[in-house]
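Student: Show me the folded form of this:
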Amino acid sequence: MEHTKNETIIHDTDKESSWEQQTAMKVSGISILVNLLLSIFKLIAGIAAHSGAMISDAIHSASDVGSTFIVIIGVRLSAKKSDKEHQYGHERMECVSSIVLAGMLLVTGLGIGITGVRDIVKSTSGAIPGTLALIAAVVSIVTKEWMFWYTRGAAKKINSGALMADAWHHRSDALSSIGAFVGIFGARLGYPILDPVASIVICFMIAKAAIDIFRDAIDKMVDHSCDAKTEESMRREILKVPGVRRVDLLRTRLFGSKMYVDIEIAAAGEISLNDAHDIAENVHHTIEDKFKDVKHCMVHVNPING
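Tutor: Numbering: from 1, shown residues only. Model (predicted):
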C-alpha cells in the first residue's frame, strides 16, 4: 500500500513539473513573437520618423529575444529528472539562467545610463523626430508593460526565477520606451536634454531590478532558508497531525524553485515503531501536500518518555 502511495506522489510531481514547463514554454514563445514584431515596428518607425532614440529602442527589443532563449534553456535544463550524477535533480540550472539574465539586464541598464551621460556632456541634438516615433513609443510602452504583468503572473504561478527575470526584462524595455517617448516629445518641444536625463533615471531603476534578481538567484543556490512566515505555517500544520506532541526541529532550504524540509517531531515513547512510522508519514505527506513548492520532506521522530 505504501509503495502505491509513493508511486502516486511521484506521478503527480512529474505531472506538475510537466505543466510548469509547458507554461514557461508558452509564455516564452509569446514573448519571442511579441519582441520580434515590436522591434520590426519600432525600427521602421524610427527610420521613417528620423528618431535615433526609437531605433535604439528597437535594437533593445530585438536583444530581448536572446534573453528569452536563455529562459527556455534554463527551464528545460531545470526540468530534467534526477539521474545517477544529479540525484537531487537539476532545479538550480534555472538559478544559473536567472544570474545570466540579471547580468544582461544590468548591462542594458548601464548602457542606457552611459548613453544618457554622454549625450548630456556632448549636448547633442539631431533632427526633430516625427509623430510616428511618438506613436511607436506609446505602443511599445503599453505592449511591454502588458508583457511584464503577463510574464510576472506566470512566473509567480510556477515559481520560476528565470521567467521572473525575463518579466523584468520586459519592464526594462517599457522603461526604455518611456525614456524614448520623453526624449522624442521633449525634442519636439525644444528640450532635447530630457531624453538623456530620463535615460539616467531609467538606468538606476533597471540596475535595482537586476540586483534583486541576482540576489534571489544566489539565495536559491546557497541553501538559503525559506521565509519565516512559511516556516511558521509549516509548524502549525505539523502540530495538527495526530500523535505529534511538539516540533523539535524544522529546517528548510531553497533548491532552485523548490524547497527541501528536514523535520524532527516528538511523539509518545511507549507507542510501537509502526505507529511512530505512521505519524512520520502523515507529517511527510501533510507538508508535501500543503506546500506545493516542497520537493521532499524528511521526518525524524524523537520519543517523549513518561
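Student: Quick check: which helices or strands does the one helix or strand residue 71 maps to pack against?
Tutor: Taking DSSP states H and E as the criterion, residue 71 maps to helix 52-78. Helix 52-78 makes packing contacts with helix 2-48, helix 92-122, helix 131-158, helix 161-189 when contacts are defined by 3 or more C-beta pairs under 8 Å, 6 or more residues apart in numbering; DSSP states H and E. For glycine as for every other residue, the C-beta is placed from the backbone atoms N, C-alpha and C.
Student: In the third one, which residues are buried?
Tutor: Of the residues in helix 131-158, those with enough neighbours to count as buried (16 or more other C-beta atoms under 10 Å) are 132-134, 136-137, 140-141, 143-145, 147-148, 150-152, 154-155, 158.
Student: which of the helices and strands packed on helix 52-78 is buried the deepest?
Tutor: helix 161-189 (a mean of 25; mean count of other C-beta atoms under 10 Å).
Student: any idea of the mean pLDDT in the very next helix or strand once past that one?
Tutor: Using DSSP H and E, the helix or strand that follows helix 161-189 in sequence is helix 194-221. Helix 194-221 carries an average pLDDT of 77.
Student: Residues in contact with the very next helix or strand once past helix 194-221: which ones?
Tutor: Heading C-terminal from helix 194-221, the first helix or strand you meet, by DSSP H and E, is helix 228-240. Identification of contacts with helix 228-240 by C-beta atoms under 8 Å, 6 or more residues apart in numbering yields 225, 244, 246-247, 250, 252, 261, 263, 265, 283, 286-287, 290-291.
Student: Run the angle between whichever helix or strand comes after helix 228-240 and helix 228-240 for me.
Tutor: Next in sequence after helix 228-240, counting helices and strands by DSSP H and E, comes strand 246-255. Counting by axes from the mean of the first three to the mean of the last three C-alpha atoms, to 10 degrees, strand 246-255 lies at 140 degrees to helix 228-240.
Student: Which one of the helices and strands packed on helix 52-78 lies nearest to residue 63?
Tutor: helix 92-122 (7.4 Å; C-beta to C-beta).
Student: about what we covered before: for the helix holding residue 71, buried residues please.
Tutor: Quick answer for helix 52-78 (16+ other C-beta under 10 Å): 52-58, 60-64, 67-68, 70-78.
Student: and if you look at stretch 298-306?
Tutor: Result for stretch 298-306 [16+ other C-beta under 10 Å]: buried residues 299, 301.
Student: Next: stretch 209-220.
Tutor: For stretch 209-220, by 16+ other C-beta under 10 Å, it's 209, 210, 213, 214, 216, 217, 220.
Student: got the CA positions of stretch 110-123 in CSV?
Tutor: In CSV, the C-alpha atoms belonging to stretch 110-123 read as follows (Å, rounded to 0.1, in the frame of the first residue of the first chain):
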residue,chain,number,x,y,z
LEU,A,110,24.3,50.7,-17.7
GLY,A,111,24.3,51.1,-21.5
ILE,A,112,21.2,53.3,-21.3
GLY,A,113,22.8,55.3,-18.5
ILE,A,114,26.2,55.8,-20.2
THR,A,115,24.5,56.9,-23.4
GLY,A,116,22.4,59.4,-21.4
VAL,A,117,25.5,60.9,-19.6
ARG,A,118,27.4,61.1,-22.9
ASP,A,119,24.5,62.9,-24.6
ILE,A,120,24.3,65.4,-21.7
VAL,A,121,28.1,66.1,-21.8
LYS,A,122,28.1,66.5,-25.6
SER,A,123,24.8,68.4,-25.6
